[in-house]
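# Sequence unavailable; structure follows:
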DNA sequence: CTCCGTGCTTCACGTCACGTTCACGACTGG
DNA sequence: CCAGTCGTGAACGTGACGTGAAGCACGGAG
């Protein structure tokens, strides 16, 4: 099931690599590896992916996501999250064709979970 | 670990996960797991399932159900409940073929209880 | 200083999911 | 047989999300 790493640690301590299936995130280096390939991510993209991957398998609310990555309350009508989810999905799919990583839960938020494209 | 659980202990409020047989409900995430599979539910579907599962094994009156999920008195002729029970049954059966979860008690309401279809 | 590339935000518009209501058929109890 | 209740599919208005492009801000190169 879950990749052992049941993180009991706080996300505040940047340093622990996150591994979920074929996805590896190295906070210390600002680097992400998907299916063995290096994926260049910007700061926002990287933190968004981290926030999602840290709670892999769980739905993360848009609210909480924005709070974590942007550091403030999500203003109504703000579409930044959507845009960056889109950019992430593009890069992830480019690195691992045939896989889906970020799932939308309308009205709630997003869930990170590597699955075959079905 | 992460979010400090705001547990009011109130039934119907967002709080602890509900587990009944192979069904797991996570109110905080709007997520349901049936037989180990993630079942994406809309807000209404999710709250309806929660309301039923919270009183698993008991018959919940249509009145009470509507009050809990829709938050108002059930208007005569309103079929919303029926429609959403139908949607729920579809998704539940899709996730766990051969099982029946929601049982009709004509004139009274519905009862949540996982049973083999046989 | 000016030019230019990169990254983040905002805007516009199309698409789709959600929730409500309607319609019709099947079933129940009297 | 009749009236009421439920199952189920479909239509429809609304809002949420996906997505491409434009607009800013910033920093480095020339």
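In hand now; what should we look at? This structure is a prediction, so every number in the text was calculated from the model and none was measured.

# and the helix or strand harbouring residue A:103, average pLDDT?
Using DSSP states H and E, residue A:103 maps to strand A:99-105. Throughout strand A:99-105, pLDDT has a mean value of 96.

# I'd like the distance from whichever helix or strand comes after that strand to the chain centre, please.
The C-terminal neighbour of strand A:99-105 among helices and strands, as given by DSSP H and E, is strand A:109-116. Taking C-alpha atoms, centre = their mean, to the nearest Å, one finds the center of strand A:109-116 at 9 Å from the center of the full chain.

# Can you list the strands that strand A:109-116 pairs with?
strand A:59-61 (antiparallel), strand A:99-105 (antiparallel) (DSSP bridges).

# Redo those as JSON lines? Include distance to DNA strand D.
From N, CA and C alone the C-beta is placed, and that goes for glycine too. Shown next, in JSON lines, are those (distance: least, C-beta to the nearest atom of the strand, whole Å):
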{"stretch": "strand A:59-61", "distance to DNA strand D": "10"}
{"stretch": "strand A:99-105", "distance to DNA strand D": "4"}
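
# Single out the most deeply packed of those strands.
strand A:59-61 (a mean of 21; mean count of other C-beta atoms under 10 Å in any protein chain shown).

# so what does the next helix or strand after it touch, helix or strand wise?
Helices and strands here follow DSSP H and E; after strand A:59-61, the next one along the chain is helix A:62-69. Contacts defined by 3 or more C-beta pairs under 8 Å, 6 or more residues apart in numbering or on different chains; DSSP states H and E place helix A:62-69 against helix A:43-54, helix A:80-95, strand A:109-116.

# Need the winner for burial among the ones you listed.
helix A:43-54 (a mean of 20).

# Which secondary structure elements does that one sit against?
By 3+ C-beta pairs under 8 Å, 6+ apart, helix A:43-54 packs against strand A:18-20, strand A:23-26, helix A:62-69, helix A:80-95, strand A:109-116.

# List the contacts of that helix.
A:7, A:11, A:18, A:20, A:23, A:25, A:27, A:30, A:32, A:41, A:60, A:65, A:68-69, A:81, A:84-85, A:87-88, A:91, A:102, A:110-112 (C-beta atoms under 8 Å, 6 or more residues apart in numbering or on different chains).

# Can you name the residues of chain A that neighbour DNA strand C?
On the criterion C-beta under 7 Å from any atom of the strand, DNA strand C has as its neighbours in chain A the residues A:40, A:42-45, A:70, A:77-80, A:83-84, A:106-107.
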